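Q: Fold the following for me, if possible:
(one chain, ligands or ions: 1)
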Amino acid sequence: MNASADGNGLYALLSDEHVQIRDMANEFAQTRIAPNAENWNRDKHVSVETVREMADLGLLGLLAPEEFGGAGLDMTAFCLVMEEISAADVGTSVSFATQLSLTIAPLVNFGTEEQKQRWLPDLVSGARFGCYNLTEPDAGSDTASLRTTAVEDDDGWSISGTKTWISNGGFADLFIVFARTDGPGAKGVSAFVVDAGEGLTASREIPKMGLHSSSTAEIAFDGVRAERDQMLGERGAGLSVALATLDSGRIVIAAQAVGIARAALELAIGYATEREAFGGPIARFQGVQFPIAEIAARIDAARLLTLHAACLRDSGAPVNEIGAKAKLLASQVAVDAADMAVQTLGGYGYSAEFAAERLYRDARITKLYEGTSEIQRMVISRSLMGSAARS
Ligand SMILES: Cc1cc2nc3c(=O)[nH]c(=O)nc-3n(C[C@H](O)[C@H](O)[C@H](O)COP(=O)(O)OP(=O)(O)OC[C@H]3O[C@@H](n4cnc5c(N)ncnc54)[C@H](O)[C@@H]3O)c2cc1C
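A: This next block holds a predicted model:
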């Protein structure tokens, strides 16, 4: 069964263009990614080449305007593609999303015309890969406490500090970095775009629970040079760039979570209908059926909320609250779906030779990055209750 192409009413409101791009992504994901996912994850192999192949299909340029080589499509298209890639291999979807959501999108939304000309075409074609450097060893959720500095001199800026947990950091050659230019607090932070070069090193790959087919690195900035025209957005508005990027990025992580949940559901259904116990398939036991039915319903709800958030983003509406809701809900569905798949597969669910175990580890990330679930609850609460909900 392929739940993405099942023709049920969930996708009835999509345009023909959206359906086409989703189907293209589905075919690419199922033929070029899914068959390799087990090996890539076992060998901790990041298939940069496969992500680059997505450029040939126009997928890396989804969000970029046509004048920079992009397709000028929208968040809805991005989410549809993201679900497909994530259902095939979560690590590869991280590489893909980091390029679009965390590199191309902030350039499109905050870059000057010159900055767009300079960097977008290479990012869209896959000639270059970017990464988003916000988190530091001592500043994660509390972004306003970041310590990386950018010191101004006659020629521009000198950036020093350490960033951690940087997706694509091990192979990226373009770095969006948030650094302190003007004293403490949120208003002292500015954003920069810097090229790989002197003073900039991916100091180590961080060993992690899952996402073994993606790169997550610590990045050291030691007097890295940035010209004045490499500042992204206004001076002192760096955290606005960062947080606006995450507002949309969370919708994409919700789509990733839906993809993970769908893969887990498909796995469980396939296994339950084939595995026999007590004289027939285990699918005939209500104890096996009901968790599958429950997750199927919750996946539909998570997908609808995610696409609703994407549509709102495409209409220009604020998505701070709805994006947080989508990520909060979908990430829990992903974790529960992966758990359900492990349980349905019994002992084989615990085996590294079956995909349920990988999905179980990979699903867990969706409750952590681009804002933990606690931070999503905080965002939603503040949106609902204003200053009364601020500590
Ligand atoms: C695989 C992976 C990839 C990542 N990729 C990137 C990337 O590309 N770029 C990047 O910049 N970052 C990236 N991150 C970092 C990620 O966004 C952070 O890990 C995340 O924001 C949480 O920050 P932290 O780890 O410092 O946890 P902390 O902020 O220290 O939080 C620890 C715990 O305290 C809770 N907590 C903190 N503050 C509050 C509060 N106010 N109310 C309630 N609870 C609270 C948190 O929810 C969490 O449970 C990545 C992380 C991982 C694991």
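Q: Sketch out the low-pLDDT regions of the stretch 51-200 of the chain for me.
A: Within the stretch 51-200 of the chain, no stretch falls below the threshold (pLDDT under 70).
Q: where along it do the helices fall?
A: With helices called from DSSP state H, counting those that start in this stretch, the stretch 51-200 of the chain shows them at 75-88, 90-99, 105-110, 113-125.
Q: do you know which of those lies nearest the ligand?
A: helix 90-99 (5.8 Å; Cβ to the nearest ligand atom). Every C-beta, even on glycine, is put in place using the N, C-alpha and C of the backbone.
Q: What helices and strands are in contact with the closest one?
A: Identification of packing neighbours for helix 90-99 by 3 or more Cβ pairs under 8 Å, 6 or more residues apart in numbering; DSSP states H and E yields helix 34-43, helix 48-56, helix 75-88, strand 130-133, strand 156-167, helix 238-274, helix 355-363.
Q: hmm, back to that, mind putting the helices of the stretch 51-200 of the chain in JSON lines, mean neighbour count included?
A: Shown next, in JSON lines, are these (neighbours: other Cβ atoms under 10 Å):
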{"stretch": "helix 75-88", "mean neighbour count": "28"}
{"stretch": "helix 90-99", "mean neighbour count": "28"}
{"stretch": "helix 105-110", "mean neighbour count": "21"}
{"stretch": "helix 113-125", "mean neighbour count": "17"}
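Q: Using a markdown table, please lay out those helices together with distance to residue 322.
A: Shown next, in a markdown table, are the helices of the stretch 51-200 of the chain (distance: least, Cβ to Cβ, whole Å):
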| stretch | distance to residue 322 |
| --- | --- |
| helix 75-88 | 12 |
| helix 90-99 | 19 |
| helix 105-110 | 17 |
| helix 113-125 | 27 |
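Q: check contacts around residue 92.
A: 33, 37, 40, 47, 50-51, 85, 213-214 (Cβ atoms under 8 Å, 6 or more residues apart in numbering).
Q: right, and the helices of the stretch 51-200 of the chain - which one's nearest residue 300?
A: With Cβ to Cβ, the closest approach to residue 300 among the helices of the stretch 51-200 of the chain belongs to helix 75-88: 12.4 Å.
Q: isn't residue 100 right up against residue 63?
A: Yes: using Cβ atoms under 8 Å, residue 100 is in contact with residue 63, at 5.6 Å.
Q: OK, contacts around residue 363?
A: So residue 363 contacts 90, 210, 257, 260-261, 264, 331, 334-335, 337-338 (Cβ under 8 Å, 6+ apart).
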